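A.B. asks: no sequence for this one, just the structure:
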């Protein structure tokens, strides 16, 4: 396990990466424009042709990679979960479909690091529920045409 100062440095580097323009735009798309209702929606976005596959993969692999740093001991779970919330939102959005996605792709550990780190938080179901409500609200705003469709440059 890294000491707190080293772990904080890794955490700050992850934050710096989140501000990179392409990842920032992908994260915005994921939160405000991507509203799957079925595993098929997720699979067609992730694996299908078109521009949506790239931001989907960018966001999901970023957060699973970041979570893997926790699993491997570079960042304590408590520090990671205290400093970040977006991974809970991603998990809340995709959790209803993970079993089916994993089966359909024969990829049983897809987003496994993310799931494990979310589960390490105190009262993880309470935290997930907060973001389930947030995602429901974002989906409703998008359906009403009240959601901005692109990240401002």
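C.D. replies: On my side now, so go ahead. What you see is a predicted model, and the numbers here were worked out from it, not measured in a lab.
A.B. asks: Centroid-nearest residue for the chain?
C.D. replies: residue 90 (3.2 Å; C-alpha atoms, centre = their mean).
A.B. asks: And the pLDDT for it?
C.D. replies: You'll see residue 90 listed with a pLDDT of 98.
A.B. asks: can I assume it is in contact with residue 30?
C.D. replies: Yes - contact criterion C-beta atoms under 8 Å: residue 90 and residue 30 qualify, at 7.0 Å. (C-beta placed from N, C-alpha, C; glycine too.)
A.B. asks: can you give me phi and psi for residue 122?
C.D. replies: When read as degrees, to the nearest 10, the backbone of residue 122 gives phi -60, psi 140.
A.B. asks: That one: neighbouring residues, count only.
C.D. replies: Residue 122 is flanked by 9 other residues according to other C-beta atoms under 10 Å.
A.B. asks: Show the contacting residues for it.
C.D. replies: Not one residue lies near residue 122 by C-beta atoms under 8 Å, 6 or more residues apart in numbering.
A.B. asks: Now do it against residue 18, distance only.
C.D. replies: 23 Å (C-beta to C-beta, to the nearest Å).
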